[in-house]
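sequence unavailable; structure follows:
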């Protein structure tokens, strides 16, 4: 819990510092909040492991470099509570293990606006996200997953308001690597469906 609070405080401190920087419309800063749905894919020899997928949440900061009227590069750092679990399904007493349920996410997305001059502009976004696993377990028989690398594909709507921009965004995060460390599981990939609201200056 102390580690999570420290990371959250660090994100807030960085955002406050960035907001003091005098910048033109070429460089924007903001924050994001949203919900996600875990979509763990588990493969085991006898199908004796199953995933439990639940709703989660995230909170982060972002910076956006506008490289013209249509193209932007968006960097993001967020703390995510993904609520993903794996169970041993062949046991009478189910053993439930957290699986990338708490992560620190760093993403770099390319955003392409379809109507750059409109006040309500739809856009497409694509880019990688690296997730650092924050789960902790002192049990010797629990194999925590490794860090995750995923590819984000999404669609959003950027709305210009009087004092800030708001951009709701729907993304699917496709896990690219096998994060499994348990020798009795063949592979495990972490995918997520995300609904995020971005606020920028």
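All right, it came through fine. These figures come from a predicted structure and were not determined experimentally. Numbers count the residues shown, from 1 in each chain.

contacts only, for residue 52.
Applying CB atoms under 8 Å, 6 or more residues apart in numbering to residue 52 gives the contacts 40, 84-87, 96. All C-beta spots, glycine's among them, are computed from the backbone N, C-alpha and C.

please apply the same query to residue 120.
Residue 120 sits next to 157-160 when contact means CB under 8 Å, 6+ apart.

please look at residue 45 and residue 183 and confirm they touch.
No: in this structure, residue 45 is not within contact of residue 183 by CB atoms under 8 Å, at 10.8 Å.

run through the bridge partners of residue 129.
residue 107, residue 150 (DSSP bridges).

residues near it, how many?
25 (other CB atoms under 10 Å).

how close does it get to residue 190?
Counting by CB to CB, to the nearest Å, the gap from residue 129 to residue 190 is 11 Å.

do residue 35 as well
Using CB to CB, we find residue 35 at a distance of 16 Å from residue 190.

more neighbours: which of these two?
residue 190 (29 against 14).

pull up the overlap in contacts between residue 129 and residue 190.
Joint contacts of residue 129 and residue 190 (CB under 8 Å, 6+ apart) are residue 150.

could you dump the contacts of residue 52 into a markdown table with secondary structure added?
Below are the contacts of residue 52 laid out as a markdown table (DSSP: H, G, I helix; E, B strand; the rest coil):
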| residue | secondary structure |
| --- | --- |
| 40 | strand |
| 84 | strand |
| 85 | strand |
| 86 | strand |
| 87 | strand |
| 96 | strand |
